[in-house]
Structure formats: structure tokens, C-alpha cells
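# sequence first, then the predicted structure, then my questions.
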Amino acid sequence: MILVTGATGKVGSEAVRLLAAQHRPTRALVRDPARAPYGGAAGVEIAVGDLDRPATLDAAMRGIDTVVLVTPSWPVQEIAVIDSALRHGVTHIVKITNHKATVDSPVDRRRDHARIEAHLKATGLAYTLLAPNLFMQNLLAVAPMIKQTGGFTMSAGDGRFGMVDARDVGATAAAIAAAPGEHAGRAYLLTGPELLTYADVAKELTHALGREIEYRRISPDEHREAMIRAGVPEAVATSNAQVFGLIAEGDAEWLSDDVASVTGIPPRSLRTFLAEHVTAFS
Ligand SMILES: NC(=O)c1ccc[n+]([C@@H]2O[C@H](COP(=O)([O-])OP(=O)(O)OC[C@H]3O[C@@H](n4cnc5c(N)ncnc54)[C@H](OP(=O)(O)O)[C@@H]3O)[C@@H](O)[C@H]2O)c1
């Protein structure tokens, strides 16, 4: 039986959907069953639990062999899942992480992922790490601005990135969870098929929407302030702005074939993603 955490999120919900479609016994950990998008799908058990309440994790972990571990990347939550897995005889954890997760990263989210990875490795459990590039779904956060103003602001300059559809991250996690043995101890880099800048994103949006969409460059400091004004918690806004500043310097300029080599299916392009989400932007 496979347990998927973060199962109402972008990566987790797709992993559950695909595992259910393959009739793999799957348990989805959710806070609110009403938000589970696959309610009633054959073979999917819903475990109501909270990553901040370890007792609920223990209840969800019974009979589980493999865990797909995805959270908003809080160490205390992920470490609680890993420790619960260890107590309940889980044999393999597939963890969503960050390609640049190092203990001395300037970005706190990356240091957090490094801390979780170190804890996971120290348990002796078999594991697989999935390190995605920027998610295409992040663009949905600027969809209201695009609708209202015909453009979007971003602080990544002309930095290039290998943007990936979070559904392809979920598909890779599902493929590994279905047959984890051959993936033990391995790390995969997950990207879409092409390197893009936000100017390219604006061109693709222009193509998808049939009207000119403008990319307005701002500095990471301006971006941080704008995110805070929009209600993003200060620590998250600081991290996000740091990441955009790094992207401007080429930090996310990498591509990989790992989605296709693990799943057997090429990753979705930005054009495909936008065609499927056009109503969100128009
Ligand atoms: N965005 C990017 O560009 C990017 C790039 C590389 C790596 N990543 C990594 O991807 C991961 C995030 O994946 P995602 O985008 O799929 O996440 P997401 O869509 O933000 O979903 C987060 C999930 O965690 C659940 N959750 C949050 N707090 C919880 C709690 N206390 N108890 C139980 N469940 C809880 C949420 O449930 P509710 O529905 O109840 O809120 C939701 O299912 C992070 O590790 C991040 O570092 C992201």
C-alpha cells in the first residue's frame, strides 16, 4: 500500500490519480476529505490526518510500504512523517526536494530540504529524491494580474529555467512508488522539455490568449514588497524573492530527461499547459 501526503496539492493529487488509475492500493493523507479531488475513485483510501499531529500520521501509516512525501516543505512536518514511517515498517520514501538543497544555501527553503534529506538518509530507509525545476502551475498565481492588466511582474530578469508541469512531477513520483526497488538511493532532476525566460512565457501567453501579454521586470526587493502587500507571509516572500534573484543569475538553467526516462512519457510543454489552463488567464 502506498501513502501519498500533500494529496490535495499539485504533485500529490496527480500521484494519487495515476496510482488509482493503475489500481495500485493507495492511501491519500488529507486534512479535509471534502477537498480530496478523487473522492470515490476505486482503490483510493482517504486517511484524514494533519502533518502537525504525529498521532494522525501513525494511524495513516499502518500497512504502508511506500510513502510519497510532499508537503509545503516544513522540516518538522516531513521529519514527523519519516519518523512515523520508520516506526511502522515502511520500506521506501519518495521525497520531493530541491535541486539546490544544501545546508549552506542562502535560501531557507533549500536549507530546510537539506535538513530533511539528511534526516531521511540517517534513518537507513530506502529513498528516492525528486528535484523539480520551477512549476508551471506557479503562473496561476499571476493569472488575476494577467486578466486585469494584460501582463505580469516578475523579478527573474532574463534568467532561463526548465519549467516543469507539477503533474509530471506527480507522474514521476507515482511511477517510482509503483516499483521503488530500482530507484533506491537515486535522485532525479525533473524539468519540462525546454529552457524558457519569462519573456518566452509572455510570448506563449500571448499565443494562447490571442492578445499581447507583457512581462514587466521588477527587482527582487520590489517583488518581495509586492508579495507581502498581497498577503504572502514575510518569510515566504523573502525566500521567493531570493529564488527569483538567483534565477536571474542562471540558477534554474538546467534541463533533464528524467521525467521521460522514469515515466516513459515526455514531459508537457508550457504551450500544452497554457492551452489546458487558458480559462484561468482569460
Ligand atoms: N512550486 C515550485 O515551483 C516548486 C519547485 C520545486 C520544488 N517544489 C516543492 O514542491 C513541494 C510542494 O508541492 P506542491 O506544489 O504539490 O504542494 P501544494 O500544491 O502547495 O500542496 C501542499 C499540500 O500539503 C498539504 N498540507 C499542508 N499543510 C498540511 C497539514 N498541516 N497537514 C496535512 N496536509 C497539509 C495541503 O493540504 P490542504 O489542501 O489541506 O492545504 C496540500 O495537499 C515543496 O516541497 C516545494 O519545495 C516546488
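Structure's in. What do you need?
# next up, phi/psi of the residue of the stretch 101-250 of the chain found nearest the ligand, please.
Here the stretch 101-250 of the chain gets closest to the ligand at one residue, residue 135, 3.6 Å apart by Cβ to the nearest ligand atom. C-beta coordinates here come from the backbone N, C-alpha and C atoms, glycine included. The phi and psi torsions at residue 135 (degrees, to the nearest 10) take the values phi -80, psi 140.
# identify the bridge partners of it.
Residues found in beta-bridge contact with residue 135 (criterion: DSSP bridges) are residue 164.
# show me the contacts for it.
By Cβ atoms under 8 Å, 6 or more residues apart in numbering, the contact set of residue 135 is 10, 163, 164, 165, 166, 169.
# same check on residue 169?
Applying Cβ under 8 Å, 6+ apart, one finds that residue 169 lies in contact with 10, 11, 14, 96, 130, 132, 135, 190, 259.
# how about the strands in the protein?
When secondary structure is read from DSSP state E, the chain shows strands at 2-4, 26-30, 44-48, 66-69, 92-96, 126-132, 151-154, 186-190, 214-217.
# got any ranges where the chain has weak pLDDT?
Flagging of the chain using pLDDT under 70 yields the residue ranges 39-42.
# count of neighbours near whichever residue of the stretch 1-150 of the chain sits closest to the ligand?
The nearest approach of the stretch 1-150 of the chain to the ligand comes at residue 9, 2.2 Å away (Cβ to the nearest ligand atom). Using other Cβ atoms under 10 Å, residue 9 has 20 neighbouring residues.
# now it. Nearest residue, chain neighbours left out?
Distance criterion Cβ to Cβ, 6 or more residues apart in numbering; nearest residue to residue 9, sequence neighbours excluded, is residue 70 at 6.4 Å.
# which pair in the contacts of residue 135 spans the largest distance?
Using Cβ to Cβ, the contacts of residue 135 span at most 13.3 Å, a distance reached by 10 and 163.
# touching stretch 43-59 from outside, list them.
By Cβ under 8 Å, 6+ apart, the residues outside stretch 43-59 that reach it are 1, 3, 5, 16, 19-20, 23-33, 36, 38-39, 60, 71, 74, 76-78, 80-81, 83-84, 87-88.
# let's see 6 Å
With contacts defined as Cβ atoms under 6 Å, 6 or more residues apart in numbering, stretch 43-59 is touched by 20, 23, 26-29, 31, 33, 36, 38, 60, 71, 77, 80-81, 84.
# need the contact partners of stretch 112-124.
Everything outside stretch 112-124 that qualifies as a contact, by Cβ under 6 Å, 6+ apart, is 73, 75, 78, 79, 82, 86, 97, 98, 101, 102, 103, 127.
# got the residues of the stretch 51-200 of the chain near the ligand?
Contact residues, the stretch 51-200 of the chain versus the ligand (Cβ under 6 Å from any ligand atom): 51-52, 70-73, 96, 98, 109, 132, 134-135, 138, 166.
# apply 5 Å and report the result again.
Taking Cβ under 5 Å from any ligand atom as the contact definition, the stretch 51-200 of the chain meets the ligand at 51, 52, 70, 73, 96, 132, 134, 135, 138.
# just the buried subset of these, please.
With burial judged by 16 or more other Cβ atoms under 10 Å, the buried subset of these is 51, 70, 73, 96, 132, 134, 135.
# how much space between the fifth one and residue 221?
For residue 132, the distance to residue 221 equals 26 Å [Cβ to Cβ, to the nearest Å].
# what ranges does the stretch 101-250 of the chain have for its helices?
In the stretch 101-250 of the chain, the helices defined using DSSP state H, counting those that start in this stretch lie at 108-123, 143-149, 166-178, 198-209, 220-229, 234-248.
# pick the most buried one from the ones you listed.
With neighbours defined as mean count of other Cβ atoms under 10 Å, the helices of the stretch 101-250 of the chain peak in mean count at helix 166-178, which reaches a mean of 25.
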